[in-house]
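Peer 1: Please work out how this folds:
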Amino acid sequence: MVAIREVIPYKMDIKLSEPFSISFGTYTYAHGSFVVIRTTDDIEGYGEGCPDKLITGDNQEESLIFLKRASKYLKGAQINEEEVHRILDRVERELFPSQTARAAIDMAVYDILGKLENKPIYKLLGASEPNEAPAALTIGLRSIEETRKKAEYYMDRFRKNGLRRIKLKLSGHRESDVQRVSAVLDIFPGEITLDANQGYKDPKMAIKSLEEIYAISGKRVILIEEPVPKGRLDMLKQVTESSPIPVFADESAATLEDAKRIAETGSAAGINIKLQKAGGIYYARKISQVAKENGLKLMVGCNEETTVAISAALNFVASDPAIMDSDLDSDLTVANIQITKEDPLDYFKNGIRYPTGKPGLGISLKEWLKDVLNGRIEIKRPG
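Peer 2: You can find the predicted model right below:
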């Protein structure tokens, strides 16, 4: 059996291409981690963590502390996802939970497993052909006119990719949210998804907004994520039962246990699975099974991630025919630094983002980044 020789975590800070705003804040940087796992037969696996305290429950510092402890315990472990997660359970008991550290290690392990089998991860997970879930490109909170201009920009830039869906962030203010949706509906012929990021504090106001949006959009708006405060499943259920637009849990459905509570209470019509919230592909698959058993719809989303983490999520989407929406766009829109040799736009066709089909994650790092990771190049600002 192939074993882990070393786990090397790196701190990764990426300046976003432009500020990205949602209902509870504006992001200018992605503060995360990068992980390299090397095996005893010199195979490398890559992973990425993108923490956000309000969404994933951990921050960059906590994630890196977790990774450093895990790197000691994982040395010599077999490349087996169940064994690896048992070791991560031990780290969690000794320290604290870090879903994004788990996700980064999980991605790297699956990358290695795919390379060992010479299969992309989605085939390793049992799919013969990739599931095709349309990709939504996200527009953060902006003025009505800026929202319109951003939609026009996406329509032009991604025209050859067959853009089908745009995702709009909502503010929790009924009038401006209805205007924002109306502005995009006027110029974009495709479907729209919505995300309020807990913006509505009153479920009755959320319902009223969604009724007004549905009146002008009909079924072109296919879902709304997390309209009310995280964890208030009573409020979420109230909106779910009255909204003409399907309601998906996002921040309220971070972990497997969260997903079980959503299912038990019937508080949402669907769940947004993010590998960063779930703790990687291993737990994302368990969440998917809970959703299927309870008639919940599924989408897969992301934080401000590069193509490395996005490639893991794309393979997960491709593996599961129950996933109906793919909100995996940060590497194209806000964190669009190109660190892989593969151009992600080459695999964005007919409105669908596909994994590359190469073994593992299906990516190879650019040489300059490999040189940095291997210590052949050191880049620091003079102190």
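
Peer 1: The stretch 1-150 of the chain: helices as residue ranges?
Peer 2: For the stretch 1-150 of the chain, the helices defined by DSSP state H, counting those that start in this stretch occupy 53-56, 60-74, 81-94, 99-117, 121-124, 144-157.

Peer 1: any idea how far the third one is from the chain center?
Peer 2: For helix 81-94, the separation from the chain centroid amounts to 22 Å (computed by C-alpha atoms, centre = their mean, to the nearest Å).

Peer 1: So for stretch 139-146, first residue to last residue, what's the gap.
Peer 2: Across its full length, stretch 139-146 reaches 10 Å between end residues, using C-alpha to C-alpha, to the nearest Å.

Peer 1: Now do the strands in this structure.
Peer 2: 4-22, 25-39, 44-49, 136-139, 165-169, 191-195, 221-225, 247-249, 270-273, 297-300, 323-326, 348-349, 352-353 (DSSP state E).

Peer 1: Report the mean per-residue pLDDT for the last one.
Peer 2: Just to be clear, that refers to strand 352-353. Confidence over strand 352-353 (mean pLDDT, whole number) is 98.

Peer 1: Comparing the helices of the stretch 1-150 of the chain by mean pLDDT, which bottoms out?
Peer 2: Of all the helices of the stretch 1-150 of the chain, helix 53-56 has the smallest average pLDDT, which comes to a mean of 92.

Peer 1: Only the buried residues of that helix, if you could.
Peer 2: Across helix 53-56, burial judged by 16 or more other C-beta atoms under 10 Å covers 55, 56. Using the backbone N, CA and C atoms, a C-beta is placed for each residue, glycine as well.

Peer 1: could you point out where the stretch 201-350 of the chain is predicted with low confidence?
Peer 2: Within the stretch 201-350 of the chain, not a single segment meets pLDDT under 70.

Peer 1: Check the offset of stretch 70-90 from the chain's centre.
Peer 2: Computed by C-alpha atoms, centre = their mean, the chain-centroid distance of stretch 70-90 equals 23 Å.

Peer 1: buried sites along that stretch?
Peer 2: Buried-residue list, stretch 70-90, by 16+ other C-beta under 10 Å: 70, 71, 73, 74, 77, 79, 81, 84, 85, 87, 88.

Peer 1: I figured the second one was touching residue 6, is that so?
Peer 2: Yes - the pair formed by residue 71 and residue 6 meets the contact definition of C-beta atoms under 8 Å, at 7.3 Å.

Peer 1: re the thing from before, among the helices of the stretch 1-150 of the chain, which is the most enclosed?
Peer 2: Among the helices of the stretch 1-150 of the chain, helix 99-117 has the highest mean neighbour count (mean count of other C-beta atoms under 10 Å), at a mean of 27.

Peer 1: ok, now how distant is residue 26 from residue 218?
Peer 2: Note on residue 26: its distance to residue 218, by C-beta to C-beta, to the nearest Å, is 32 Å.

Peer 1: repeat for residue 345
Peer 2: Per C-beta to C-beta, residue 345 is found 31 Å from residue 218.

Peer 1: one step back: which of the buried residues of stretch 70-90 lies closest to residue 353?
Peer 2: Nearest to residue 353 among the buried residues of stretch 70-90: residue 81, at 23.9 Å, using C-beta to C-beta.

Peer 1: so what's that closest one up against?
Peer 2: Residues near residue 81 by C-beta atoms under 8 Å, 6 or more residues apart in numbering: 106, 109, 110, 113, 281, 282.

Peer 1: what do you get for residue 327?
Peer 2: Residues in contact with residue 327, defined by C-beta under 8 Å, 6+ apart, are 135, 136, 138, 167, 193, 272, 299, 300, 301, 302.

Peer 1: Could you tell me how many residues sit around the closest residue to the fifth one other than its chain neighbours?
Peer 2: Same thing as residue 193. Leaving aside its sequence neighbours, residue 193 sits nearest to residue 167 (C-beta to C-beta, 6 or more residues apart in numbering; 4.5 Å). If you count neighbours by other C-beta atoms under 10 Å, residue 167 ends up with 22.

Peer 1: all helices for the stretch 151-300 of the chain, in order.
Peer 2: 174-187, 203-217, 233-242, 256-265, 275-278, 281-293.

Peer 1: Can you list the helices and strands that the third one packs against?
Peer 2: Under the contact definition 3 or more C-beta pairs under 8 Å, 6 or more residues apart in numbering; DSSP states H and E, helix 233-242 sits against helix 203-217, strand 247-249, helix 256-265.

Peer 1: residues in contact with that helix?
Peer 2: Here helix 233-242 makes contact (C-beta under 8 Å, 6+ apart) with 200, 203, 206-207, 210, 226-229, 247, 249, 252, 261-262, 265-269.

Peer 1: again with stretch 247-259
Peer 2: Stretch 247-259 is contacted from outside by 54-57, 99, 195, 197-198, 223-227, 230-233, 236, 239-240, 262, 267-274, 277-279, 283, 286-287, 290-291, 297, 299, 301, using C-beta under 8 Å, 6+ apart.

Peer 1: residues in contact with the most centrally placed residue in the chain?
Peer 2: What sits nearest the mean C-alpha location of the chain, by C-alpha atoms, centre = their mean, is residue 302, with 1.9 Å. Shown in contact with residue 302 (C-beta under 8 Å, 6+ apart): 50, 274, 275, 276, 309, 310, 313, 327, 328, 329, 330.
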